[in-house]
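> Provided below are the primary sequence and the corresponding predicted coordinates.
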Amino acid sequence: MSIESINRKQDDGRLTMIGFLVGITPALMALAPWDFGSEMTNFRALMRGNSLIVPIIELCCIFWALRLKLELFETIRSFPLPEKIALAILVSIAAFTSICVANDIPNALMGLLAWLVHALFGIAVFQIASRSVKVEISSIYISVSVGFFAYLFILAAYIPTIESPAQYNWTGLMPGLPNIRSLGYFSVAGVAAGAAISFGTSRKSYFLLGLFIGAAAFGLAVWSATRGALFALSATSIFLFICRFKYRNLPFVGWVASAIAIGVLLSAAAYKPTDQFGLKRLFASVENSGGSIDRLSAGRVQIWKDTIARIEERPLFGYGERQFRKVGPLNARGLNQPHNIFLQIAFQWGIVGAVLFFLLLARIVLRVWRQRDHGNNIGIGEQILIISTLVYSLYDAALFYPYPIMMFTLAVAIALAHSTQPAPAGDMSD
C-alpha cells in the first residue's frame, strides 16, 4: 500500500472524527453550561445565549486542519478575481460598521468573529473531505443521530423534574438553546441524518434505522410545536419529489409519510408539561390567527415592514453585526434578528453588503449545483440540510444561530469537496 493511500485513509478517519464532533454538539450544548434549573448564572447565560459550544467545536476542527498543515486560505486565494474583490469589500463593510457604526461594538465584533470561524470551519471540512478516498458520509450522519438522541435523552430526563411547569420559562430556559422553537434546528439535522442513513448507504438493513431517526426528528418538531421546521422539511420533501426523478418512487414517499405519521404518534405519547407543546398548540396558533397573516406569522409581517423602514434610514451600509436587539424596530427589540435572512443581512450590512453577501452565497450554491450534475449527485442528507436551512431562513433565524449555520456549512463543504467523485453506492441521488 502506497504512502498516498495510507494518507487518504487517514483523511477518511479525520472526516469521521469531524462528524463525531459535529454530531455530539447538541448534547454538549446542554451539558457544557450544565443548562438545567431556573437559576441563570452569568456563565450559563453566556454559553447558552451564544451557543459557544458550536464555535468551540468548529475551532477544534480548524486547529486540527492547521495541525495537518492544510492551507486553509488557499481556497480563498483560488477564488476568481471578481469574487475576491466582492469578499474584500464585504469584509471592509462588516469591519467598518462594527467599529464605527454599531451601538454595541463588542457584540458586533463577536458576530464578525463567529462568521470567520464558520467560514474557516467550512474550508477545513472541504479540505479534509476532498482528500479522502471515498465519500463515506454515512458515518457523519450516524454521529449526528447519536448526538440527536443523546440530546433527546437529556431533555426527557430533565423536563419531568421541573416542579412548576406552568411558571417555567419555556421560551428562555431550554437546555442548550435560547428558545423552545430552536429545537426545530435539531429536527432538521435529525431528519437529514435519518434520510441519509436510509438512502445514502448500500446497507438495506439501515432503512428502518433511518426511518426511526427521521420519525423521532419529525416528532420533536411536532412536540415542540415548531411550525418553521415542519414547513421547511415539508417544502424540501416536495422539492425533492418534484425536481429529483429518483425520489419519485414509493420508498421515498413512503419514508416521508411514515416518518411524519410515526413522529406525530411519538409526539402524542410524549409528556407535555404545558399547552405550549404538541399538535394542540400547532392547531391553536392557526385558529387564533383569525385569518390575519400577521397573527398567523406570530407578528413577523409587521416586524418585516418596520425593519424595512429602519433599513431605509441607513440603506447603504447598515447598522452593524448583531445590532438588531439594540436599534431594531421598537416592536422587535426583544429579538436578535428580524426572522428573515434578506432583512437580517440588509439591516446589519446595508443594501451594498447584502448584494455582495447574496452574490457570494449564490456563487457557492451554483457551484455545488453545477459540479454535482445540477444537484442530482448531492447526497440526500446534504440536500435536506441545505434546502431546509435556506427555506427556514426566510421566516426564522436559521442563518443567524451557530448550530444551523454549522450544519449548513458542513453540508455545503461536503457537497463541494466531492464534486468529481461518485455518490455512495446506495444513494438514490447517484
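It's in.

> where does this protein dip in pLDDT?
In the predicted model of the chain, residues 1-13, 35, 37-38, 132-137, 202, 285-298, 371-376, 418-430 satisfy pLDDT under 70.

> let's check: the centremost residue of it is which one?
By Cα atoms, centre = their mean, the mean C-alpha position of the chain lies nearest to residue 404, the distance being 1.7 Å.

> got the contact list for it?
The contact partners of residue 404, by Cβ atoms under 8 Å, 6 or more residues apart in numbering, come to 185, 188, 389, 392, 398. (Each C-beta comes from the backbone N, C-alpha and C, glycine too.)

> do residue 19 as well
With Cβ under 8 Å, 6+ apart, residue 19 has these contacts: 139, 140, 141, 142, 143, 144.

> grab the nearest non-local neighbour of the second one.
Taking Cβ to Cβ, 6 or more residues apart in numbering, and ignoring the residues beside it in sequence, residue 140 has residue 19 as its nearest neighbour in space, at 3.1 Å.

> helix, strand or coil for the one you found?
Assigned by DSSP: H, G, I helix; E, B strand; the rest coil, the conformation of residue 19 is helix.

> that older thread, the residue nearest to the centre of the chain: what secondary structure?
Under three-state DSSP, residue 404 comes out as helix.

> list the buried residues for the host helix or strand of residue 306?
With secondary structure defined by DSSP states H and E, residue 306 is part of helix 300-313. Applying a neighbour-count criterion of 16 or more other Cβ atoms under 10 Å, one finds 300, 303, 304, 306, 307, 310, 311 buried in helix 300-313.

> ok, stretch 164-177 next?
168, 170, 173, 174, 175, 176, 177.

> secondary structure and distance to residue 33 added to the residues you listed, as TSV?
Converted to TSV, these look like this (DSSP: H, G, I helix; E, B strand; the rest coil; distance: Cβ to Cβ, whole Å):
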residue	secondary structure	distance to residue 33
168	coil	18
170	coil	18
173	coil	12
174	strand	12
175	coil	9
176	coil	8
177	strand	11
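
> hang on, the earlier thing: relative to residue 262, which of the contacts of residue 404 is nearest.
Proximity of the contacts of residue 404 to residue 262 (Cβ to Cβ) peaks at residue 188, which lies at 17.4 Å.

> who touches the closest one in this structure?
Contacts here follow Cβ under 8 Å, 6+ apart; on that basis residue 188 touches 217, 229, 232, 233, 384, 385, 388, 389, 392, 404, 407.

> among those residues, which one is most surrounded by other residues?
residue 388 (32 neighbours; other Cβ atoms under 10 Å).

> where's that one, which helix or strand?
helix 380-392.

> what packs against that helix?
Judged by 3 or more Cβ pairs under 8 Å, 6 or more residues apart in numbering; DSSP states H and E, helix 380-392 is in contact with helix 183-199, helix 227-243, helix 402-417.

> buried set for the last one?
Put plainly, it is helix 402-417. 402-417.

> great, nothing more from me.
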